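> Predicted model follows, preceded by the sequence.
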Amino acid sequence: MSDAAAASTTTVTVQLHQQQDYQFRIAFGGDAPDVLGDEPAPLGQGQGPSPVQLLAAAVGNCLSDSLLFALRKFKQAPEPIACEVHAEVGRNAEGRVRVLGMQAVLTLGVPAASLEHLDRVLATFEGYCTVTQSVRQGIPVQVTVRDADGRLLMPTAA
């Protein structure tokens, strides 16, 4: 790694502390509130989000942030943005349970016609999503964007 790359690198630290069985208190530091993570039954008690749910939330949150940031660069107001992420969990070729794929559906809070530069934003915003681009190195992630009227904006029809 070059000195310039090392200088621009940051480290994010999250601490997990077992509470009981499969329940872990997840501490993010700073002013962020702790979260209780837990596996669903029969392993855990489902008292908090599972690791797969946290992964899906991270992908959806990052995509939503990237879309909002890209639109705001053009002084556009797409709020409120909503996102739903589906994570397909199944067995891989070795028979181990894995996240096999994810589908994220983002919905703008306004009609597409009210936003300028939307085509340019839709063509680029995913590339800036740190989490999704990292996850895609091992898990396929499909992204769909709709406007407030339900019009499909992305992927575009071929």
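Noted; the coordinates are in hand.

> phi, psi of the most centrally placed residue in the chain?
When C-alpha atoms, centre = their mean is applied to the chain, the residue found nearest the centroid is Val59 (1.3 Å). Dihedral pair for Val59: phi -60, psi -50, per degrees, to the nearest 10.

> Pretty sure it sits against Val141.
Yes: look at Val59 against Val141 with C-beta atoms under 8 Å: they come within range, at 6.3 Å. No exception for glycine: its C-beta is placed from N, CA and C like everyone else's.

> who touches both of the two?
Among the neighbours of Val59, those also in contact with Val141 (C-beta atoms under 8 Å, 6 or more residues apart in numbering) are 102, 104, 132, 135.

> and the second one, which of the three is it?
To tie it back to what came earlier, the one meant is Ala104. strand (DSSP: H, G, I helix; E, B strand; the rest coil).

> Who are the contact partners of it?
Neighbour list for Ala104: 59-60, 63, 83-86, 132, 141-144 [criterion: C-beta under 8 Å, 6+ apart].

> Which strand residues bridge it?
Judged by DSSP bridges, the bridge partners of Ala104 are Val85, Val143.

> And the pLDDT for it?
pLDDT for Ala104: 98.

> how far away is it from Leu43?
Distance of Ala104 to Leu43, computed by C-beta to C-beta, to the nearest Å: 26 Å.

> just checking, Glu88 touches Gly101?
Yes: counting by C-beta under 8 Å, Glu88 does reach Gly101; the two are 4.7 Å apart.

> and Ala158, what pLDDT?
48.

> Assign a three-state SS to Leu71, would you?
Under three-state DSSP, Leu71 comes out as helix.

> wait, it sits on Glu79?
No: the pair Leu71 / Glu79 is not scored as a contact, 9.2 Å apart, by C-beta under 8 Å.

> For these two, work out which one has more neighbours and name it.
Shown here are Leu71 and Glu79; by other C-beta atoms under 10 Å, Leu71 has more neighbours (23 against 11).

> how many neighbours does the closest residue to that one other than its chain neighbours have?
Leaving out its chain neighbours, the residue that sits closest to Leu71 by C-beta to C-beta, 6 or more residues apart in numbering is Pro78, at 4.9 Å. By the criterion of other C-beta under 10 Å, Pro78 has 22 neighbours.

> same question, Val35
Val35 has 17 neighbouring residues, counting by other C-beta under 10 Å.

> Let me know whether it touches Gly48 as I believe.
Yes: between Val35 and Gly48 there is a contact at 6.3 Å, judged by C-beta under 8 Å.
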